[in-house]
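Asks: return atomic coordinates for the entry below.
(2 chains)
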Protein chains: 2
Amino acid sequence: MEHEKTQIERHTSKQFDVELEDVREQVLTMGGLVEQQIANGVKALIDGDSALGEDVARSDYKINTMEVAIDEACTKILARRQPQAGDLRLVLAIAKTITDLERIGDEAEKIGRMAVHLAGKDRPPSAFRQISQLGGHVRQMVRDSLDAFARMDTEAALAVAQHDAEVDREYEGVMRQCITFMMEDPRTIKHMLDVMWSVKALERIGDHATNISEYVVYLVGGRDVRHLSIEELEKEAARAISPRTGQ
Amino acid sequence: MEHEKTQIERHTSKQFDVELEDVREQVLTMGGLVEQQIANGVKALIDGDSALGEDVARSDYKINTMEVAIDEACTKILARRQPQAGDLRLVLAIAKTITDLERIGDEAEKIGRMAVHLAGKDRPPSAFRQISQLGGHVRQMVRDSLDAFARMDTEAALAVAQHDAEVDREYEGVMRQCITFMMEDPRTIKHMLDVMWSVKALERIGDHATNISEYVVYLVGGRDVRHLSIEELEKEAARAISPRTGQ
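Replies: Model prediction:
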């Protein structure tokens, strides 16, 4: 009996690992789709490509479907496996991560819609060059936060949070430029506002990527680091890393 | 032995009920604070009261602290009690609800900051009357979603989602008015943009209240209703209610 039970336990634990690994992979697949949506949304905006913009707006349902499926998988794991400690934190971090990924998808959808609105309009090249840059940086933040998540790498996660401050500065720069255009030619107000909503959406995506990277620090360090300053985050990451480097 | 086990189970279950009830009450307290922040933020904006605006911006940390505490309580319940079915769904819905409440707090903080910026500026009375109305409706949505949560009332939750469509229409109206002001007097562009960011924040608060009400439908009905249309939500709510009315 004793022997049998151990076997079953081992089997259960292995099956559990398979399930967890499967969910983690689903999160990364979802993340890949979200990244693609950001890239396409920004491309549609910059190129004035309304067909691509429409495609982005129409594709958001795929991300929503993945969120619901992964959320269900997490609930099932919690009910059946009753994970403890690190495993429990992982499942909860996944549940939070997919909420942020889904909201990033919503922002990409908005950018897609704005791209459709703006497709026929004049576009100030300098502002659009800046938006293209900002879009690239924000997409990188999403990728880095997911990489940090995949490798459970708190240092990489911390780098994302630091990157967010730069992105915010770029965002402020683009916004100032948009305001200047509006003031110089008030006839552009309406369509510059559409540009500004898109830029705002990019900034929000950066915030969501930061949230994801904070879940990674929480996951590895076991302490909730949301609402900490960059300095406090650094300390926390050092604390989370030190047991490993100390070995 | 049999008798003793039942006693312990009963005791455990009772203790569990106390813990769950405690967390639920904490959520409602957090919700009350969030509502107050919205009310104060909008009041500061309308009255041009920079002291009140600053107070709102400074008070956001209280909401953040509550989020972290409730999240920890949820994790502990999951680890210790390993809840099943409805109890598990309740804990997960609470974890999601407080994320939305925290983000509502962030939006209220932004409104507080904008109120400080705008304190000395001219304010077009008609737009500010509309903003005051919109603020009232959005706050009502938050209250209703929390009431629906407290009473596990899917019909009330559904009403919140329906209300969101109205709020979106009001939002569009205020935005159009702001654009008209800007176009009529381009010198107002900068401060009208601050007004628009505040209005945008109110619209987002409505979205978060809708999210909370969707968790309630999920909680009662056991099916994920995010990303459904209003019509589909109505069907789902009817399905969730029918077992009770059929008794």
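
Asks: what parts of chain A come near chain B?
Replies: Counting by CB under 8 Å from any CB of the partner chain, the positions of chain A adjacent to chain B are A:61, A:64-65, A:67-68, A:71-72, A:75, A:78-79, A:82, A:84-85, A:88-89, A:92, A:95-96, A:99, A:179, A:182-183, A:186, A:189-190, A:193, A:196, A:200, A:224, A:226-227. Every residue, glycine included, has its C-beta placed from N, CA and C.

Asks: tell me which residue lies nearest the centroid of chain A.
Replies: residue A:209 (3.8 Å; CA atoms, centre = their mean).

Asks: can you tell me which of the residues of chain A next to chain B are buried?
Replies: Neighbour counting by 16 or more other CB atoms under 10 Å in any protein chain shown classes A:64, A:67-68, A:71, A:75, A:78, A:82, A:88-89, A:92, A:95-96, A:99, A:182-183, A:186, A:189, A:193, A:196, A:200, A:224, A:226 among these as buried.

Asks: which ones among these map onto helices?
Replies: Within those, membership in helices is found for A:64, A:67-68, A:71, A:75, A:78, A:88-89, A:92, A:95-96, A:99, A:182-183, A:189, A:193, A:196, A:200, as judged by DSSP state H.

Asks: distance check, residue A:146 against residue A:97.
Replies: Distance of residue A:146 to residue A:97, computed by CB to CB, to the nearest Å: 8 Å.

Asks: shared neighbours of those two, anything?
Replies: When CB atoms under 8 Å, 6 or more residues apart in numbering or on different chains defines a contact, the residues bordering residue A:146 and residue A:97 alike are A:27, A:212.

Asks: what ranges does chain A have for its strands?
Replies: Assignment of strands within chain A using DSSP state E yields no ranges at all.

Asks: now do the helices in it.
Replies: The residue ranges that make up the helices of chain A, judged by DSSP H, are A:2-47, A:50-81, A:85-118, A:125-151, A:154-184, A:189-221, A:230-245.

Asks: what residues of stretch A:167-174 count as buried?
Replies: Burial within stretch A:167-174, assessed by neighbour count using 16+ other CB under 10 Å, is assigned to A:167, A:170-171, A:174.

Asks: cool, and stretch A:133-143?
Replies: Buried residues in stretch A:133-143, counted by 16+ other CB under 10 Å: A:134-135, A:137-143.

Asks: of all those residues, which two lie farthest apart?
Replies: The largest distance within those, taken as CB to CB, falls between A:134 and A:143 and amounts to 15.0 Å.

Asks: mean pLDDT and distance to residue B:162 added to the helices of chain A, as CSV?
Replies: CSV is the format used below for the helices of chain A (pLDDT from 0 to 100; distance: least, CB to CB, whole Å):
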stretch, mean pLDDT, distance to residue B:162
helix A:2-47, 83, 29
helix A:50-81, 94, 20
helix A:85-118, 93, 20
helix A:125-151, 92, 33
helix A:154-184, 92, 34
helix A:189-221, 91, 25
helix A:230-245, 60, 41
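
Asks: adding distance to residue B:36, write the ones you listed out as TSV.
Replies: Formatted as TSV, these follow (distance: least, CB to CB, whole Å):
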stretch	distance to residue B:36
helix A:2-47	35
helix A:50-81	31
helix A:85-118	25
helix A:125-151	33
helix A:154-184	28
helix A:189-221	24
helix A:230-245	27
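
Asks: which among these is found nearest to residue B:122?
Replies: Using CB to CB, the helices of chain A put helix A:154-184 closest to residue B:122, at 17.0 Å.

Asks: what's that closest one packed up against?
Replies: Under the contact criterion of 3 or more CB pairs under 8 Å, 6 or more residues apart in numbering or on different chains; DSSP states H and E, helix A:154-184 touches helix A:125-151, helix A:189-221, helix A:230-245, helix B:189-221.

Asks: can you give me the angle that helix makes with helix A:189-221?
Replies: Angle of helix A:154-184 versus helix A:189-221, following axes from the mean of the first three to the mean of the last three CA atoms, to 10 degrees, is 170 degrees.

Asks: helix A:154-184 to helix A:125-151, inter-axis angle?
Replies: Helix A:154-184 and helix A:125-151 are oriented at 160 degrees to each other (the same axes, to 10 degrees).

Asks: give me the distance from helix A:154-184 to the chain's centre.
Replies: Distance of helix A:154-184 from its chain centroid, counting by CA atoms, centre = their mean, to the nearest Å, is 16 Å.

Asks: one more: stretch A:198-216?
Replies: Between the centre of stretch A:198-216 and the centre of its chain there are 6 Å (CA atoms, centre = their mean).

Asks: just the C-alphas of that stretch, formatted as PDB.
Replies: What follows is the C-alpha trace of stretch A:198-216 in PDB, where atoms were taken according to Å, rounded to 0.1, in the frame of the first residue of the first chain:
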ATOM      1  CA  SER A 198      -3.100  55.700 -30.100                       C
ATOM      2  CA  VAL A 199       0.000  57.000 -28.400                       C
ATOM      3  CA  LYS A 200      -1.800  56.800 -25.100                       C
ATOM      4  CA  ALA A 201      -2.600  53.200 -25.900                       C
ATOM      5  CA  LEU A 202       1.100  52.500 -26.400                       C
ATOM      6  CA  GLU A 203       1.900  54.000 -23.100                       C
ATOM      7  CA  ARG A 204      -0.700  51.800 -21.400                       C
ATOM      8  CA  ILE A 205       0.800  48.700 -23.000                       C
ATOM      9  CA  GLY A 206       4.100  49.700 -21.400                       C
ATOM     10  CA  ASP A 207       2.300  49.800 -18.000                       C
ATOM     11  CA  HIS A 208       0.800  46.400 -18.500                       C
ATOM     12  CA  ALA A 209       4.200  45.000 -19.400                       C
ATOM     13  CA  THR A 210       5.500  46.500 -16.200                       C
ATOM     14  CA  ASN A 211       2.700  44.700 -14.300                       C
ATOM     15  CA  ILE A 212       3.700  41.400 -15.800                       C
ATOM     16  CA  SER A 213       7.300  41.900 -14.800                       C
ATOM     17  CA  GLU A 214       6.300  42.700 -11.300                       C
ATOM     18  CA  TYR A 215       4.400  39.400 -11.100                       C
ATOM     19  CA  VAL A 216       7.700  37.700 -12.000                       C
END
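
Asks: would you check how far apart the nearest residue to residue A:106 once chain neighbours are set aside and residue B:29 are?
Replies: The shortest distance from residue A:106 to any residue other than its chain neighbours is 6.8 Å, reached at residue A:60 (CB to CB, 6 or more residues apart in numbering or on different chains). Plainly put, residue A:60 is 35 Å away from residue B:29 if you go by CB to CB.

Asks: compare the two (neighbour count), which wins?
Replies: residue A:60 (22 against 12; other CB atoms under 10 Å in any protein chain shown).
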